[in-house]
Structure formats: structure tokens, C-alpha cells
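**Q** Sequence below, structure please.
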Amino acid sequence: MNLQQLGFSDYFKSQITANDIELSLIPARVSAVHKESYELISEYGESNAKLKSSLFYKNSKYLIYPAVGDFVLIKHNELGDDIIYRILNRKSYFTRNNPGFGNYTGNEGLQSIASNFDYVFLMESLNQDFNVRRMERYLSTAYDSGATPIIILTKADLCDDVSEKIAIMEQVSFGVKVVAISAITGEGLDQLVEYLTEGTTFVFLGSSGIGKSSLVNALAGKEMMKVSNIREDDDKGRHTTTHRELISLENGVMIIDTPGMRELGLSNVESGLSSTFQDIDSLSEYCKFQDCKHEKEPGCAVNKAIEDGTLSLDRLRSYHKLQREVRHSSAKAAYQLARTTDSKSTSKQQNYSRKKIDY
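**A** I've put the predicted structure just below:
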């Protein structure tokens, strides 16, 4: 297996140390995650792997657990599972709020979704589930990931006003490429060809039934993923993808597919919010007060833009809503971290007391 075809660039190669070489560790890419077991691709082909317990569990040396797309250093085992020793630094990654508060990403309370992708396909359907406010949420997360976002409007064959929907998305995306496609007719797929180069990785982000599996099949030129129908009453879909996985196409392009992400929660994406709401940030520079919250403060340039009709009230409401969610997520993560830290401290003290009694 040629690692360059897997996206193993000089960025990752430069992280391998003399100690790694001395330990006979080799690079591999994580193609799927199943709780505490992993599927890998390396120079030996496909294999299963587990974490080295003494590094990831017993002494908690690493708080970062592997995600789909990660490059890891492993010790290959011909007779059983490979052993993962460490994760190479990521060039891009997605996280979400973690209800189980496990699978750390380096920011406590966040869960790994995918890593080391070059482009994010932000997918929205051109049916009655079309939602601009949801796209603002996706854009904030995509900007913060470190990769390039591209908006994909699916099911163009079912829409009578495609141009109007594209224009609506362009109003809130500030230069992000917007492409309307149909996996049925092939419309718009030619606009994606320039991105489909060997060693390039994409991640798909969108709700259930949005057409991710259909797009993968269309790009691959054959059926690689199961496709399910949407519900007729609300145009919303059923979950087809059940776990995150790295899919390799014959042309060397890799796609990270994820389960439907309606539950995507914003975490530390302040910079992503600024990029998504560039219009509001630019207007803020003309507010009378530097800490203006754009509510009822006198001399607020943002509210003046709403009065003038150059900014919509719905967009400002969306901005405030996402800001509140970010603050809530940060506070929740800090609270969970404090509880976890206190719990670990208490557990260590109890173990120490038992040892003294046993002695």
C-alpha cells in the first residue's frame, strides 16, 4: 500500500522520531472506529488494531484517542491485532460535544468525529428540508476544522428553483463554493472533478437522507454504499450510515462518511462563527461600544443595518443563538471536566487508603 495515496504527506512524515524508528513503528491510517477497536490501512494492507494499554489507559499519557482519518504509529503483528502507540498531530479535525465525555480530542468534553481531511462537503437537500440556519451552523464548524468548506445542494432534479436556492446560500457563505447536484441525473458533478485528486480526503457533513451515500456512489461510478429513501411526510431521511468510516475510491480519493449529524453541537468554534458571520463582524466595528451585544445598545451599527434592510433580523437571531450555544457548551465542558477531575482525585485517594490498610 502506497501511503502517499492515503494522504501521508511530509507534514506527517516529519513527526516520526528516531525513537519511533528504533521501536520499529510504522505509519497507518485509521479507516474505521468500533468502540475500543480500530480498522487500519498500512503498507501491510488492511488490519485490526487496539491501543497500547500502558500509554492510553493505565497512566493516561494521552488524552487524544484515534478518530477516522487519523495517522497513527503502530507495531504490526502478523499473528493478531496491530498495536497503536501514538497519534500523529492532525492538520484538520471535527469534534462535537460528547455526551459520554470520553474519546478525548485534546479539548476535554469533546468527541472526535473525523480528522486529516482537505475539504468539507456541507450538504443540504433542495427539498422541503432546505434550511439556511442549519448551514450557518455547519459553516461555523467547518471553518473551525482547518479544512476548506464546499456547500453541496443535493437532489437538484427535485427542485424547480435551483438558481434561487443557490443565491440564498451564497448570501450567507461569503465566497464558499456552492454546487447544486443530482446523483440521479449527474447534474453538477462535473464541478467537483477539480477536487477529486489522488491522496485528497473529503468529509461529508449533513443530515440523514441528505444524499451522502448517493453522492459517494456517483463519484465512485458504482454502488459502494446502501441508499435508503426519505420519509414522504417531511422529506427527512433515515440513517443509512451507522458508523464513521474512510472510503477509498479507485481514483485515489478518500471520503470520510459520518452518520446523520442533526445532533451536531457547537463547541469551541468562536473563530468559525466570525468567519460565518463576516457581515455582522464587519458592522460591529462601527458600533458605538466595543462590547456591543447588538441588542438594545444605542449606536449599534448592526441594529441600524436591520432597520435599513441591509441585514435580516433572522440572521442576527441565528448569530445570537449560536453564540449562546457556544457559551453553554464551554460552560458544560468545564463543569464536566471539574467533576471528572474530582472523581479521579477521590478514586486515587481511596485506592491509596486501601493500600495503606492492606499494608
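**Q** Okay, and the beta partners of residue 26?
**A** When bridges are called by DSSP bridges, residue 26 pairs up with residue 74.
**Q** And the pLDDT at it?
**A** You'll see residue 26 listed with a pLDDT of 97.
**Q** And it, how close does it get to residue 42?
**A** Per CB to CB, to the nearest Å, residue 26 is found 6 Å from residue 42. Backbone N, C-alpha and C define where each C-beta goes, glycine included.
**Q** overlap in contacts of those two?
**A** Listed as contacting both residue 26 and residue 42 by CB atoms under 8 Å, 6 or more residues apart in numbering are 74, 76.
**Q** Which parts of the stretch 251-359 of the chain are helices?
**A** 270-276, 278-284, 301-308, 313-358 (DSSP state H, counting those that start in this stretch).
**Q** looking at these, which has the lowest confidence?
**A** Among these, helix 313-358 scores lowest, with a mean of 63.
**Q** Mind telling me what element residue 124 is part of?
**A** Following DSSP states H and E, one finds residue 124 within strand 119-125.
**Q** what's the angle from the following helix or strand past that strand to strand 119-125?
**A** The helix or strand immediately downstream of strand 119-125 is helix 132-145, counting by DSSP H and E. Orientation of helix 132-145 against strand 119-125 (axes from the mean of the first three to the mean of the last three CA atoms, to 10 degrees) gives an angle of 170 degrees.
**Q** pLDDT-wise, which helix or strand of the protein ranks last?
**A** Across the helices and strands of the chain, mean confidence by mean pLDDT, DSSP states H and E is lowest for helix 313-358: a mean of 63.
**Q** How about the secondary structure of the nearest residue to residue 191 once chain neighbours are set aside?
**A** Computed as CB to CB, 6 or more residues apart in numbering, the closest residue to residue 191 that is not its neighbour in sequence is residue 179, at 4.8 Å. Counting by DSSP: H, G, I helix; E, B strand; the rest coil, the backbone at residue 179 sits in strand.
**Q** Roughly how far does residue 179 sit from residue 132?
**A** Relative to residue 132, and taking CB to CB, residue 179 is found at 16 Å.
**Q** And for residue 150?
**A** Taking CB to CB, one finds residue 150 at 17 Å from residue 132.
**Q** Comparing the two, which residue is more hemmed in?
**A** The neighbour comparison of residue 150 against residue 132 (other CB atoms under 10 Å) goes to residue 150, with 20 against 17.
**Q** does the more buried one really touch residue 181, like I thought?
**A** No. Using CB atoms under 8 Å, residue 150 is not in contact with residue 181, being 11.0 Å away.
**Q** returning to what we had before: off-centre distance for the strand holding residue 124?
**A** 11 Å (CA atoms, centre = their mean, to the nearest Å).
**Q** Neighbouring strands of it in the sheet, and parallel or not?
**A** Strand pairing for strand 119-125, using DSSP bridges, gives strand 148-154 (parallel), strand 201-205 (parallel).
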